[in-house]
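K.L.:
Just the structure for this:
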Amino acid sequence: MHVQDWLETVPAVSIYALVALVIGLESLGIPLPGEIILVSAALLSSQHSGINPVILGACASVGAVVGDSIGYAIGRKGGRPLLAWLGRKFPRHFGPGHVATAERSFQKWGMWAVFFGRFIALLRIFAGPLAGVLKMPYWKFLIANVLGGIIWAGGTTAVIYYVGVVAESWLKRFSWVGLVVAVLIGLASMLVVRRRAKRVSAEMDEARPEPVAAAE
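P.N.:
So this is what the prediction gives:
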């Protein structure tokens, strides 16, 4: 059975649930490829009418917001011992250098670190738990979390969906070559959004490390 034929047999609800689950777990603090899953699902929705991009974007947004909120609660309860434990379990993602970079970001940007962190791989994993560890007021965290989650998840879904629709009209004759090119076009389009976020991240990295107090 060809992959395209197999994908048509997968219930749409399974795609929605997978996207929400992976993005939610990533936002909670588990290093998973949430952005790749979302881009792939959005591209798939542009090729298969059974997958509604609006529902897909909504599920991704809910996963992002709920996952970050759970991560915040865990971080607030676990405190710095939690970061130390994560550093031992996931040294590539929660090593001392990564933690220090994220802490400087929160110290300098406050709730904006949560918002922009949605667009940056490192901060996307850290935002919820670290905001809780630093005891950022929840109402500030929630505002940044909701806005960042909706704009990132909804915006990514919309951009990739429409890129996929346009690409299909002139690439469909090339079968798998067309699909690969469409994926590359979709990923390239994300660079436009991420370039600005990376500039913010670079500015954050230039900040000198200082003892971190509770975020204001």
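K.L.:
Which strands or helices does the helix ranked longest in the chain pack on?
P.N.:
In the chain, with assignment by DSSP state H, the single longest helix is helix 53-89. Using 3 or more Cβ pairs under 8 Å, 6 or more residues apart in numbering; DSSP states H and E, the elements in contact with helix 53-89 are helix 12-28, helix 34-47, helix 91-94, helix 96-109, helix 121-133, helix 138-171. Just so you know, the C-beta spots here come from the backbone N, C-alpha and C atoms, and that holds for glycine as well.
K.L.:
in it, what counts as buried?
P.N.:
53, 55-72, 74-76, 78, 82-83, 86 (16 or more other Cβ atoms under 10 Å).
K.L.:
what's the answer for stretch 22-41, then?
P.N.:
22-32, 34-35, 37-41.
K.L.:
Could you single out the most deeply buried of the helices and strands packed on helix 53-89?
P.N.:
Neighbour counts (mean count of other Cβ atoms under 10 Å) averaged over each of those peak at helix 121-133, with a mean of 26.
K.L.:
for it, what is the average pLDDT?
P.N.:
Here helix 121-133 scores 78 as its mean pLDDT.
K.L.:
Any regions of the protein where pLDDT drops low?
P.N.:
1-9, 82-83, 86-87, 89-99, 102, 122, 166-216 (pLDDT under 70).
K.L.:
And the spatially closest residue to Gly78 that is not a sequence neighbour, how close does it get to Phe126?
P.N.:
Closest residue to Gly78 apart from its sequence neighbours, by Cβ to Cβ, 6 or more residues apart in numbering: Val133 at 7.3 Å. Per Cβ to Cβ, to the nearest Å, Val133 is found 9 Å from Phe126.
K.L.:
now Tyr162
P.N.:
31 Å.
K.L.:
How about Gly132?
P.N.:
In terms of Cβ to Cβ, Gly132 sits 11 Å off from Phe126.
K.L.:
and what of Ile55?
P.N.:
29 Å.
K.L.:
same check, this time on Ala73
P.N.:
In terms of Cβ to Cβ, Ala73 sits 15 Å off from Phe126.
K.L.:
ditto for Ser27
P.N.:
From Ser27 to Phe126 the distance is 10 Å (Cβ to Cβ).
K.L.:
pretty sure Ile151 is touching Asn145, no?
P.N.:
No. Applying Cβ atoms under 8 Å as the test, Ile151 and Asn145 come out as separate, 11.2 Å apart.
K.L.:
tell me the SS of the closest residue to Ser45 other than its chain neighbours?
P.N.:
In space, and not counting its chain neighbours, Ser45 is closest to Ile51: 3.9 Å by Cβ to Cβ, 6+ apart. Assigned with DSSP: H, G, I helix; E, B strand; the rest coil, Ile51 falls in the coil class.
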